[in-house]
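>>> quick one, fold the following:
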Amino acid sequence: MDDNVLLSGLLIGFGIAAPVGPIGVLCIKRTLNEGRLVGIATGLGAATADALYGLVAGLGLTSISSMLVAQQGWLRLFGGLFLLYLGVRTFVSRPPDAAASANLLSLPWVYASTFLLTISNPMTILSFVAVFAGLGVVVGSSYASVALLVLAVFAGSAAWWLLLVGLVGWLRLRLSADVLRWVNRLSGVLICAFGLLAIVSLLA
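Sure thing, here's the model as predicted:
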């Protein structure tokens, strides 16, 4: 039973993290400009949010999930505005002339900002519920099983981000400053587009 929960959690965490969205673009941009350590902090922030949503879904806390979905308008507005801010900063930022070393004092901000951006999409919890049902994961059966499931979701999500950061970090050493400058501009446009999409969705 524990093996099934562990494998299911790993697959769920990896599968939900893998689709490229604003967090993926942000992680790629940060890794290219600021190095692997900043990219890892970005990914771990997203993985923590995934694990938290997995915990809510795993415990079957419908009251919390319903409250989050009910407040999705404000959360999407916050997330959209934050993405616009990050997108503009990314567009105008200049790539470092040499390989940048991570500022350890900035890592908590990198981690927290990614966590807040990921958690600001409450529809993620519905994805967890749907995937749990599709894989036949029994929620709320025991606290030990739920704890194992949440840890596995975190590990699966973190595995995706570590893989992405590793690939981008390898590519980073082979890109010129001009290419990185265009990567910043493209990333800024994409992040702003995700932010605008989040805000426009409030009108639907």
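>>> all helices of the chain, in order?
Taking DSSP state H as the criterion, the chain contains helices spanning 2-17, 22-34, 36-58, 62-70, 72-92, 107-119, 123-135, 143-172, 177-200.
>>> could you tell me the angle between the first one and helix 107-119?
Translated: helix 2-17. 90 degrees (axes from the mean of the first three to the mean of the last three C-alpha atoms, to 10 degrees).
>>> show me what helix 2-17 is packed against.
In terms of contacts (3 or more C-beta pairs under 8 Å, 6 or more residues apart in numbering; DSSP states H and E), helix 2-17 is packed against helix 36-58, helix 123-135, helix 143-172. Where C-beta positions appear, they are placed from N, C-alpha and C, glycine not excepted.
>>> swap in 10 Å and give it another go.
In terms of contact count using 3 or more C-beta pairs under 10 Å, 6 or more residues apart in numbering; DSSP states H and E, helix 2-17 is assigned the packing partners helix 22-34, helix 36-58, helix 123-135, helix 143-172.
>>> circling back to that earlier point, and the helices of the chain, which one's lowest on average pLDDT?
Comparing these by mean pLDDT, the weakest confidence falls on helix 62-70, with a mean of 62.
>>> what number of residues lie near Ile119?
For Ile119, the tally of surrounding residues (other C-beta atoms under 10 Å) stands at 21.
>>> from Gly73, how far out is the most centrally placed residue in the chain?
Among the residues of the chain, the one closest to the centroid is Ala46, at 3.3 Å (C-alpha atoms, centre = their mean). Distance check for Ala46 against Gly73: by C-beta to C-beta, to the nearest Å, it reads 22 Å.
>>> what's the answer for Gly156, then?
Distance, Gly156 to Gly73, using C-beta to C-beta: 30 Å.
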